[in-house]
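>>> with the input below, show me the fold.
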Amino acid sequence: MKRLLTAAVGVPLALLAVFRLPGWAFGALCAVAMTGAAYEFARLARAALPGAPWLALPVLVPFASAGLAWGITPGVTVDGFWALAFAAAMAIGMGTLVLLARTPVDQAFASVGGLAFGVAYFAVPVAALYRLQLRDPWLLFLLLAIVWLGDTAAYYFGTRFGRHRLAPVVSPKKSWEGALAGFAVSLLSVAVWSWFHLGGIDLELLAIGALTTVASQLGDLVESLLKRGAGVKDSGHLLPGHGGLWDRTDAMLFAAPVLLLLLWLTGHEIAP
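Down below sits the predicted model:
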């Protein structure tokens, strides 16, 4: 019941933000949400690597998000300066940060990798969400339908009919039956969106939607893997029935960049 009540409040608010907020405000809202998720990530990661400067992660995410969001040029290209700056920040910046934080040498390798992954993990989706909403809020609506409807179908169908475990070590409750149901519902949502928004079923968009759905489910599993390693079930308790911000955005972290990149690679113009 808590899960349904949280969704009943959260979904209308999210759609209101998608369709009513100007681009800069929507991007800022996404950055705030991802910064909160990054804080949850950092709090859990500290248990595995207590010597790493994890508090820097939620500080760096909004700056990296802004740089990526504004550095992506209209069309299918990325401004070379911003791409190089982001890569340099990951390589030079994270290494220097770990050095200056006096991280224990036996934790240095994992700390550099974890921080670099964490910044990209939370900042790249912000840029993707910002660009999708800026071009056409209905593209973002499509993404939300793929992720949310698929996740809901996987949860309820898997709970009722799941018999074969999808990833028993990582997430014992997830089943192949639930994953297939989620995939089917996500693909159906793409077909319905295409029919009403484009006037017909776009087969190329269906293929893009299928890959985005797979990315969404992988994002969910990756978060489960990391939480399993930290020995926790939920990343937080901010959202009743859903856990923390990271729990609620895990699938979107993979799905948003994949949808954006696939639309670019197939020649769909999504940046104004």
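>>> which residues of the protein fall in helices?
For the chain, applying DSSP state H gives helices covering 2-20, 23-48, 56-71, 80-88, 94-100, 108-135, 137-144, 150-161, 176-198, 203-230, 245-265.
>>> of all those, which lies closest to residue 167?
Among the helices of the chain, the nearest to residue 167 by C-beta to C-beta is helix 203-230 (5.8 Å). The way it works is simple: take the backbone N, C-alpha and C, and place the C-beta from them, glycine included.
>>> and the angle from the closest one to helix 108-135?
Computed by axes from the mean of the first three to the mean of the last three C-alpha atoms, to 10 degrees, the angle separating helix 203-230 from helix 108-135 equals 150 degrees.
>>> packing partners for helix 203-230?
helix 23-48, helix 150-161, strand 165-167, strand 171-175, helix 176-198, helix 245-265 (3 or more C-beta pairs under 8 Å, 6 or more residues apart in numbering; DSSP states H and E).
>>> so what's residue 7 scoring on pLDDT?
If you check residue 7, the pLDDT there is 59.
>>> what's the answer for residue 269, then?
On pLDDT, residue 269 comes in at 51.
>>> then residue 214?
97.
>>> chain neighbours aside, what residue packs nearest to it?
Closest residue to residue 214 apart from its sequence neighbours, by C-beta to C-beta, 6 or more residues apart in numbering: residue 183 at 7.6 Å.
>>> one step back: so can I have TSV of the helices of the chain showing distance to residue 168?
Shown next, in TSV, are these (distance: least, C-beta to C-beta, whole Å):
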stretch	distance to residue 168
helix 2-20	23
helix 23-48	21
helix 56-71	30
helix 80-88	37
helix 94-100	33
helix 108-135	25
helix 137-144	29
helix 150-161	13
helix 176-198	11
helix 203-230	11
helix 245-265	19
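>>> can I get these in TSV with distance to residue 167 and mean neighbour count?
Output for the helices of the chain, formatted as TSV (distance: least, C-beta to C-beta, whole Å; neighbours: other C-beta atoms under 10 Å):
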stretch	distance to residue 167	mean neighbour count
helix 2-20	21	13
helix 23-48	19	20
helix 56-71	26	20
helix 80-88	31	13
helix 94-100	29	16
helix 108-135	19	22
helix 137-144	24	21
helix 150-161	12	18
helix 176-198	9	18
helix 203-230	6	19
helix 245-265	14	23
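>>> of those helices, which is nearest residue 169?
The minimum distance between residue 169 and these falls on helix 203-230, with 7.5 Å, by C-beta to C-beta.
>>> what's the closest of the helices and strands packed on helix 203-230 to residue 66?
Once the helices and strands packed on helix 203-230 are compared by C-beta to C-beta, helix 23-48 is nearest, at 6.9 Å.
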